[in-house]
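Q: Predicted model and sequence below, questions to follow.
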Amino acid sequence: MSEAKTVVIVEDEFLIANYLDGLCKQMSVEVLGLAAKADEALSLISETKPQYILMDVRLQGRRDGVDVSNAVHAERPETRIVFITGSNEPPTLDRINTDDPFRVLIKPINPSELREAFGLD
Amino acid sequence: MVTPERSDPPRVLRTVPLWLFGSVVLLGLFVLIAGWGLGADVARRIVPRYAAMVPSTAFSFVLTGGAAFYAVKRDGSRAARRALLIVAIAVAAIAATNIGALLLTTATGLDALLHSDTRSSGVAGTASATALCFLLASGALLRLRRAGARTSDLPLTAFATVGLVLSLTAATGYAFDTDALYEVSIFTAMALHTALGFAMLFSGLLLAKLQASWVRLLIGPGTGSAGARRLFPVIVALPFVLCLATLWLTRNGVFGPNFRLSVLAIVMTVVLAVAVLSNAARENLAEARQDALTRNLQVTIGERDLLLREVYHRVKNNLQQINGLLAIEAAGVDSEDARRAFDATSRRVQALGTVHRLLIASPSLTEFRAEPFLDELCQNLASGQDAAGRGVTVEVEAAEVPLPIDLSIALGLIVNELVTNALAHAFPDGGTVTVRLTRTREGEGILTVEDDGTGGAANAKEAAGTGTLIVDGLVRQLEASLTTSGEDGTRTRIVIPKGMMEGSPHV
């Protein structure tokens, strides 16, 4: 591994964002920032240009995580977006799949799944 | 619930007014050219003893029919609007002149003054019904200038409907007894083809704006409209056919005129009764279907509520199991710090459990009243930390506010931390913790947690500061603001924005 992987966490539940933050730090993945809302997330991502994004589907405000991903991929298609959702119902998954996600993880998150998503063994 | 979309009327209905207006123009041209230009009397009066269509009437037909045709073809265009205005004024002026001539002079209208042929051929000028119909048509043309076909238009409906009824009265009079028609002064000089021309013109005007008049009830998508479509032709045609038949029967001596009235009365009564009853049957059926649908929906909603309660119940049980697991682990721990950490975590899990316990009992299933929630939460904390034994009471004052589920989880965790902190640090010798939730006039929520203790709560940093971390994080999540003051005791005040108080921020 040449240099640390970088990630932005988009999640509106503080307790879950905090948990993901802790997990990433344990895995030596550099957390460039946390965002709870779509527009916050967009400006944070375009500023920090992370390799990975952990993306919650439900966010505060009108736009959801899929909207954010579409916008990010339109600008930087190489960004690896890992969706993290509490709901594995087909409508939600269908909506996620419109964005060609890198990985989809269902809450509750198993740390080894996250490790695998980052390509760490 | 999805509202049914207004279905568009069949395309063929759009061309019908064009055909009608076109026919009106051709009729007017035919009477003008063949009748008055070339002198064919059959074109003027169809049947020799009938009244003739005078040139001003034929000319007005060409104008109104042409303007209406153009307006339908080029709906809403500036040129069409101008044409309608000019024609409406011209036709109204001709009609007004004819009415004025009828009232003031013995001459029978414009044509008698302008066209010698009308005098020599003994034509009885313009019927006042004809002039009236053109005034109505002129009014309807002005309403046609309004763009868009989607709104109801009372003046257009009134003009066109009255005109249609007048012209059909004349046409029916021709069908039954021409002499009887001519006895009614306003119809005396209305020609047969004038009556038919008006019938086409006013039908066209009603069909040109399908949503403007009662026509929309005939073409609508509802079951009521379907019933009207079924009954309308019968109700319209039957009296006419029936009267014509009985007239024929009396003329041929089958029965006398007065018995004819009896036959008509009874047959009409039967027909109308059948129509009313069949409509009643249809409506009853529709209502029964609606009732069945409503019952099904209620059952479905009941099942959904039951399932949601079941889910909350399981979540609550799972949280209790987590607490059980924590307790097992905590029992094997010697360190005081570690035991405190386990206790704090267990209290947080319990606060989450309280939310779900109250959701199960709440009628709405997505929110519940603030007071019992805060009360239960605080009494759990007080008894868990032996507040009574140490002379400390926890009081709750909450306004009558409903708490949505997301807010109640965050609020429960915040209150848990603040009250626990006060209970742990503020009171060497007893006192009171007050938890208050109010709502400002602007809709913001204000949560205050206050103690009258030593002020120790403000200074105390809980083990590793996890309590502070949780409170700060959740306050940020709620987009709320937190202020702490500590003179006598500690007072924490959190202002929660209106949007958060009112429901889930999620879409």
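A: Good, I have the coordinates.

Q: number of nearby residues for residue 21?
A: No chain was given, so I picked chain A. 17 (other Cβ atoms under 10 Å in any protein chain shown). From N, CA and C alone the C-beta is placed, and that goes for glycine too.

Q: switch to chain B, that's the one I care about
A: What B:Phe21 shows, counting by other Cβ under 10 Å, is a neighbour count of 27.

Q: Is it correct that it falls within a strand?
A: No: per DSSP: H, G, I helix; E, B strand; the rest coil, B:Phe21 lies outside any strand segment and is helix.

Q: Setting the sequence-adjacent residues aside, check what's closest to it.
A: B:Phe69 (3.9 Å; Cβ to Cβ, 6 or more residues apart in numbering or on different chains).

Q: Check whether the helix or strand encompassing A:Gly33 comes near chain B.
A: Using DSSP states H and E, A:Gly33 sits within strand A:30-35. No: legend: contact between strand A:30-35 and chain B by Cβ under 8 Å from any Cβ of the partner chain is lacking; minimum distance shown is 10.1 Å.

Q: With only the CA atoms kept, save that strand in CSV.
A: Extracted as CSV, the C-alpha positions of strand A:30-35 are listed here (Å, rounded to 0.1, in the frame of the first residue of the first chain):
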residue,chain,number,x,y,z
GLU,A,30,-7.9,9.1,6.1
VAL,A,31,-11.3,10.7,6.8
LEU,A,32,-11.3,14.0,4.9
GLY,A,33,-14.6,15.1,6.4
LEU,A,34,-18.2,14.4,7.4
ALA,A,35,-21.4,15.8,5.9
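
Q: So the residue nearest to B:Phe21, which state does it fall into?
A: B:Phe69 is classified as helix under three-state DSSP.

Q: do A:Pro77 as well
A: coil.

Q: Mind pulling up the pLDDT for it?
A: At A:Pro77, the pLDDT value in this model is 90.

Q: Alpha carbons of the helix or strand where B:Arg436 lies, in PDB - could you do that?
A: Counting by DSSP H and E, the element that carries B:Arg436 is strand B:431-439. Output in PDB follows, covering the C-alpha atoms of strand B:431-439 (Å, rounded to 0.1, in the frame of the first residue of the first chain):
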ATOM      1  CA  GLY B 431     -32.400  19.000  45.500                       C
ATOM      2  CA  THR B 432     -34.400  19.100  42.300                       C
ATOM      3  CA  VAL B 433     -33.700  18.500  38.600                       C
ATOM      4  CA  THR B 434     -36.200  20.200  36.300                       C
ATOM      5  CA  VAL B 435     -36.700  19.100  32.700                       C
ATOM      6  CA  ARG B 436     -38.800  21.500  30.700                       C
ATOM      7  CA  LEU B 437     -39.900  21.300  27.100                       C
ATOM      8  CA  THR B 438     -41.900  24.300  25.600                       C
ATOM      9  CA  ARG B 439     -42.700  25.600  22.200                       C
END
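
Q: just to revisit the earlier point, pull the distance from the strand holding A:Gly33 to the chain's centre.
A: 10 Å (Cα atoms, centre = their mean, to the nearest Å).

Q: Can you mark which positions in it are buried?
A: Within strand A:30-35, the residues that count as buried by 16 or more other Cβ atoms under 10 Å in any protein chain shown are A:Val31, A:Leu32, A:Gly33, A:Leu34, A:Ala35.

Q: Need phi/psi at the closest residue to B:Asp41 other than its chain neighbours.
A: Ranked by Cβ to Cβ, 6+ apart and with sequence neighbours excluded, the top spatial neighbour of B:Asp41 is B:Pro48, at 6.8 Å. The phi and psi values for B:Pro48, taken as degrees, to the nearest 10, are phi -50, psi -40.
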